[in-house]
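how would this look folded up:
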Amino acid sequence: MKKVEIFDPAMCCSTGVCGPSVDPNLTRVASAVYSMEQKGVDIKRFNLANDPAAFADNKTVNQVLQEKGADALPVILLDGEVVKVGEYPTNEEFAEWLEVSAEELTQKPCVRVSVKLD
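Just a heads-up that it's a prediction; the model follows:
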């Protein structure tokens with residue numbers, strides 16, 4: 001199975017819903033990551049503000065940061081190789097890399113709620 005790692009810039013959260021304006025691209029990425037996690041895909045996100053050791057410990061990401069600075073973030077790795085720098089993947093790119101349909105990345109979780117009426 002393929003492994004995707006997303007190295008985000010320093011943010012307060014990964015969803016993009018905090019702060020004065022919502023970034024729809026971050027919300028889309030968070031939704032795609034959640035959908036893939038639910039399917040057992042090996043996909044991880046690292047936030048520079050919360051997990052700086054992940055950036056320092058990963059030689060590939062560290063090299064990108066040394067060469068291009070923090071403006072290169074996000075850095076996306078597929079099986080340890082850089083596939084995208086400076087912007088988030090589209091759902092089509094995620095689908096291609098992970099060999100799934102793009103629709104699977106936008107499916108809402110199905111939750112069953114049991115209600116007992118007395």
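
what is the subsequent helix or strand relative to the least confident helix or strand in the chain by mean pLDDT?
Taking mean pLDDT, DSSP states H and E as the measure, the helix or strand of the chain with the lowest value is helix 24-38, at a mean of 89. Sequence-wise, the next helix or strand downstream of helix 24-38 (DSSP states H and E) is strand 42-47.

pLDDT on that next one, on average?
Averaged across strand 42-47, the pLDDT comes to 94.

after that strand, next one along is what?
Sequence order places helix 52-57 as the next helix or strand after strand 42-47, per DSSP H and E.

quick check: buried residues in that next one?
For helix 52-57, burial by neighbour count (16 or more other C-beta atoms under 10 Å) applies to 54-55. For every residue, glycine as well, the C-beta is placed using N, CA and C.

go on, stretch 88-102?
Under the neighbour-count criterion of 16+ other C-beta under 10 Å, stretch 88-102 has 88-91, 93-95, 97-98, 100 buried.

residue contacts, the residue nearest to Leu105 when sequence neighbours are not counted?
Closest residue in space to Leu105, ignoring its immediate chain neighbours: Ala32 at 4.1 Å, by C-beta to C-beta, 6 or more residues apart in numbering. Counting by C-beta atoms under 8 Å, 6 or more residues apart in numbering, Ala32 makes contact with 91, 94, 105-106.

mind redoing it with 10 Å?
By C-beta atoms under 10 Å, 6 or more residues apart in numbering, the contact list for Ala32 reads 4, 41, 43, 88-91, 93-95, 98, 100, 102, 104-107.

quick one on the thing from earlier: and the angle from the least confident helix or strand of the chain to strand 42-47?
140 degrees (axes from the mean of the first three to the mean of the last three C-alpha atoms, to 10 degrees).

can you list the buried residues in helix 24-38?
Within helix 24-38, the residues scored as buried using 16+ other C-beta under 10 Å are 26, 28-36.

dump these into TSV; add distance to Asp8 as well.
TSV is the format used below for these (distance: C-beta to C-beta, whole Å):
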residue	distance to Asp8
Leu26	9
Arg28	14
Val29	9
Ala30	10
Ser31	15
Ala32	14
Val33	11
Tyr34	15
Ser35	18
Met36	16
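
which of those residues sits closest to Asp79?
Nearest to Asp79 among the buried residues of helix 24-38: Met36, at 14.8 Å, using C-beta to C-beta.
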